[in-house]
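Colleague: Build me a structure from this.
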Amino acid sequence: MLKNARRTHTCGELRPDHAGQTVVVQGWAQNARDMGGVVFVNLRDRNGLVQVVADERSPEAVRQAAAGVHLEYVVEVEGVVQLRASPNPKLPTGMIEIVASSVKILSRTPPLPFSIEGHISANEDLRLQYRYLDLRRPEVQKNLVARHRAAIAVRKYMDAEGFVEVETPVLTKATPEGARDYLVPSRVHAGQWYALPQSPQLFKQILMVAGMDRYFQIVKCFRDEDLRADRQPEFTQIDIEMSFATREMVMELATNVVKTLWNEIGGHTVPEIPVISYTEAITRFGVDAPDTRFGMEHTVVTELLRNTEFSVIRGLLDAGGIAKAFVVKGGGASVSRKQLDAWTGFVKSYKLGGLMYGKVGAPWTGPLSKLSEAELSAIAAATGAVEGDLVLLGAGNPNAVNAGLGKLRPAVAKELGVVPPGYSFVWVVDFPSFEKDEESGRWMAVHHPFTSPRPEAIPLLGTGREGEMFADAYDIVCNGYEIGGGSIRIHDPDVQAKVFSTIGLTDEEAKMKFGFLLDALRHGAPPHGGLAFGFDRIIMLLCGTDNIRDVIAFPKTTSAQDLMSGAPSPVDAGQLKELYVRNTNEG
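Modeller: Now for the predicted structure:
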């Protein structure tokens, strides 16, 4: 404690060793009970809970003051620590209590909109509206403390490895990086706009050109995109960049960051992390961020059904589609028709036309029973399905089959309760460099246009064979969440120009959007690469929640609103006039 502090101890630190000491504690009344002249108050702060008692050992005025304490009042108590006659082993402070010699009510509160103690039944919107109350809950405070400790652990590790933390601009130039920018109008430069950074990508590359060698930053980033439980419009990255780096160097460093965080914050030892290719991930799991804690891996059965007489499947395969299946074991055949219909609706949201199933038995039942005995036997052999299992099959456009079954697999596992506890990591490498946009027919960079192709693929630029190119990129995945991703960057301005040309940018457009980076690359850019971790997602996983809002102090809802402050909100017409903008939806 500071020497001038009135408080001598926090509520959570008192133990039997403190018996006989006069102490001062301050906090919130978690509950207060008047037992007919004996008043008990459980006082709580961020560090824990302690019982205060005002009884015959306390002056009458103190007992009266204690009787006036109500739920969530802010209270200061002075008293002597005594051993409890009836200890509470569930509390770290449960062996002692404070016999009050002074009770001061520092602040009062009206009735609360929801209970802070115990199970929270209030819906999330109400809790976010009163976030200052929600943040008093020990569970949420524990998450924020874990976040604090994780940030310290990252900074210590990165410093030891020779990295320098450098702040990059928040008001910067709008550049196309895959999501919508948040834009800020300039008052000084009429009609011109800043953008909030989607990432510090260009600046960290500039820092490598500038000779900083090893950079990192725990940094806010902003993307105006549709939200979900693990995504926020403003989020935090652990941003890392290294000069003279190879893919293996960056992956080694990132693996060590993960091991540090999981050990120091979660108390877990992370084993060696396997590496699989993007192609293998899509083939086995349908997605490039697979949850590898459980089975239900996909099996490609296209060739087994190539000549099937089941017209629905045959038509889809003849049109260039694929067929994949996975097995729900352990009595999967008992899954209800209602549930199967729900799963069918689920895959349709990923543009898969439908879901075919077969309950394995003698005979099979379900739509797949229309296949021949030989085809059913071949599917059972390929997938490992046995009697009592459920086979789920999708056929059609490869992207739709992979996405539909890939997203269905973890949803089924979670619903059936077959996902084991713990953590499972995997590195995914060798992503495609480019993919065709279905609407425009143009090549798009899979990661971002500063990602270097694998060295052996660079000669394919400009040949029309860009779809065969693999990127020097890598993602690290934990329990089905991409927690980090990066690449080796393009340091050769000629290669960068060819990539821009591939994705349809003219020289003029490239100069307008990325001119300062292109100029920098011409002035002695070292080979460099890096990675960005999703800090919020990592803390979410370490804290054992599936909602990113649980680990952010003041999060937004899925509609990008701050219910506590009321943001976003209208602003005065005079402010808009100063910024040379107006609301087009008014009048």
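
Colleague: CA only for contacts and neighbour counts going forward, please
Modeller: OK.

Colleague: what's the burial count for Glu509?
Modeller: A count of neighbours around Glu509, defined by other CA atoms under 10 Å, yields 13.

Colleague: Check Gly178 and give its pLDDT.
Modeller: Gly178 carries a pLDDT value of 65.

Colleague: I misspoke; the intended subject was Lys513.
Modeller: pLDDT, Lys513: 84.

Colleague: A strand includes it, no?
Modeller: No: using DSSP: H, G, I helix; E, B strand; the rest coil, the assignment for Lys513 is helix, not a strand.

Colleague: I'd say it and Pro449 touch.
Modeller: No: at 11.9 Å, Lys513 does not count as touching Pro449 under the criterion of CA atoms under 8 Å.

Colleague: So which of those two has more stuff around it?
Modeller: Neighbours around Lys513 and Pro449, counted as other CA under 10 Å, are more numerous at Pro449. The numbers are 22 against 15.

Colleague: mind listing what that one touches?
Modeller: Pro449 is in contact with Gln496, Val499, Phe500, counting by CA atoms under 8 Å, 6 or more residues apart in numbering.

Colleague: what's the helix or strand for the spatially closest residue to the second one that is not a sequence neighbour?
Modeller: It stands for Val499. Spatial nearest neighbour of Val499, excluding adjacent residues (CA to CA, 6 or more residues apart in numbering): Pro449 at 6.7 Å. Using DSSP states H and E, Pro449 is not contained in any helix or strand.

Colleague: tell me the strands in the stretch 201-350 of the chain, going along the chain?
Modeller: 214-222, 234-243, 275-277, 299-300, 322-328 (DSSP state E, counting those that start in this stretch).

Colleague: could you dump those strands to CSV with mean neighbour count and mean pLDDT?
Modeller: Shown next, in CSV, are the strands of the stretch 201-350 of the chain (neighbours: other CA atoms under 10 Å; pLDDT from 0 to 100):
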stretch, mean neighbour count, mean pLDDT
strand 214-222, 21, 97
strand 234-243, 22, 97
strand 275-277, 15, 98
strand 299-300, 19, 98
strand 322-328, 25, 98
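
Colleague: export those to CSV and tack on distance to Glu438?
Modeller: Listed next are the strands of the stretch 201-350 of the chain as CSV, based on distance: least, CA to CA, whole Å:
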stretch, distance to Glu438
strand 214-222, 27
strand 234-243, 29
strand 275-277, 24
strand 299-300, 24
strand 322-328, 18
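
Colleague: Ok, which of those comes nearest Asn397?
Modeller: Proximity to Asn397 (CA to CA) singles out strand 322-328 among those, at 6.6 Å.

Colleague: Now do that closest one: everything it contacts.
Modeller: For strand 322-328, contacts defined as CA under 8 Å, 6+ apart pick out 296-302, 305, 316-317, 383-385, 389-398, 401.

Colleague: Let's see that with 7 Å instead.
Modeller: Outside strand 322-328, the residues within contact range by CA atoms under 7 Å, 6 or more residues apart in numbering are 296-302, 383, 385, 389-398.

Colleague: Then stretch 28-46?
Modeller: Here stretch 28-46 makes contact (CA under 7 Å, 6+ apart) with 11, 27, 49-55, 63, 66-67, 69-75, 117, 141.

Colleague: at 6 Å what do you get?
Modeller: Residues outside stretch 28-46 that contact it (CA atoms under 6 Å, 6 or more residues apart in numbering) are 11, 27, 49-55, 71-74.

Colleague: Could I get the full set of helices for the stretch 201-350 of the chain?
Modeller: Using DSSP state H, counting those that start in this stretch, the helices of the stretch 201-350 of the chain run over residues 201-209, 247-264, 278-285, 311-318, 337-348.

Colleague: Mind putting those into TSV with distance to Glu415 and mean neighbour count?
Modeller: Shown next, in TSV, are the helices of the stretch 201-350 of the chain (distance: least, CA to CA, whole Å; neighbours: other CA atoms under 10 Å):
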stretch	distance to Glu415	mean neighbour count
helix 201-209	38	21
helix 247-264	27	18
helix 278-285	17	20
helix 311-318	28	16
helix 337-348	10	15
